[in-house]
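Enquirer: Quick one: sequence plus predicted model below, questions after.
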Amino acid sequence: MKRHQFMHNISIHTLSVIARQCIALTCLQRFCQQHALHHPALSAFTEHVWKVAQVAPGDFAAWERGFASLAVNGMGDPWPDDLRMALPGHLLGTLEELVQHVLETSACSWYGDDLPASQLQLEAVLDICARHDVAVPQLAHYAQHDAALRGGWGPVLTDAEVRAWKALI
């Protein structure tokens, strides 16, 4: 049993893709808070990714296309120079890696049902947090009784659920 599963008394594989994505995003936001990393491009990325929690199936393609307009998108594109210069050099590579794993937590299953890959991406996020002493939220807070809906994506969250999950940052 992986230490993440043991530490949180719930297995990652029981979580919906949306829950995994929101946990990964919360970890990224905690990482940025802990290291006082602030930049509009990072904020735009996190705001856009949070929308996944309420994207209706018919709006998914438009949400996905929205990543192309972001300066930071997790897809391996070079980050803007002003952002690179605003970040401590020793954290830049780690932050780029973290952003990519955050995106891939859901992206690996955008056009298929690669739920094991989604789990591996979240585990990579949790490992980065462990290496940098960033507190990981309790996974049980993200458990949904109907996590298997929509091919493992789980139900679309209500506004109240989004607020509750964002409060865990």
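Expert: Received the coordinates, thanks. All values derive from a computational prediction rather than experimental measurement.

Enquirer: quick one, helices of this protein?
Expert: With helices called from DSSP state H, the chain shows them at 3-8, 17-34, 40-50, 60-65, 81-86, 89-107, 115-131, 149-152, 159-166.

Enquirer: Buried residues of the third one, list them for me.
Expert: With burial defined by 16 or more other CB atoms under 10 Å, the residues of helix 40-50 counted as buried are 42, 44-46, 48-50. C-beta here means a position set from N, CA and C on the backbone, and glycine is covered the same way.

Enquirer: CA-only coordinates of that helix in CSV, if you can.
Expert: Backbone C-alpha positions of helix 40-50 (Å, rounded to 0.1, in the frame of the first residue of the first chain) are rendered in CSV as follows:
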residue,chain,number,x,y,z
PRO,A,40,-1.1,36.4,-12.8
ALA,A,41,-0.2,33.5,-15.2
LEU,A,42,-0.3,31.0,-12.4
SER,A,43,-3.6,32.4,-11.1
ALA,A,44,-5.1,32.2,-14.6
PHE,A,45,-4.0,28.5,-14.8
THR,A,46,-5.5,27.6,-11.4
GLU,A,47,-8.7,29.5,-12.1
HIS,A,48,-9.1,27.7,-15.4
VAL,A,49,-8.4,24.3,-14.0
TRP,A,50,-10.9,24.7,-11.1
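
Enquirer: what residues are up against Phe67?
Expert: 48, 73-75, 103 (CB atoms under 8 Å, 6 or more residues apart in numbering).

Enquirer: hmm, 10 Å instead?
Expert: If you count contacts by CB atoms under 10 Å, 6 or more residues apart in numbering, Phe67 has them with 45, 48-49, 73-75, 77, 103, 107.

Enquirer: quick one: which two of those are the most distant?
Expert: Largest separation among the contacts of Phe67 by CB to CB: Val49 and Asp77, giving 15.4 Å.

Enquirer: which regions of this protein sit below the pLDDT cut-off?
Expert: 1-9 (pLDDT under 70).

Enquirer: rerun at 80
Expert: Residue ranges of the chain with pLDDT under 80: 1-9, 112-114.

Enquirer: Can you give me the neighbour number for Arg65?
Expert: Around Arg65 there are 9 other residues, counting by other CB atoms under 10 Å.
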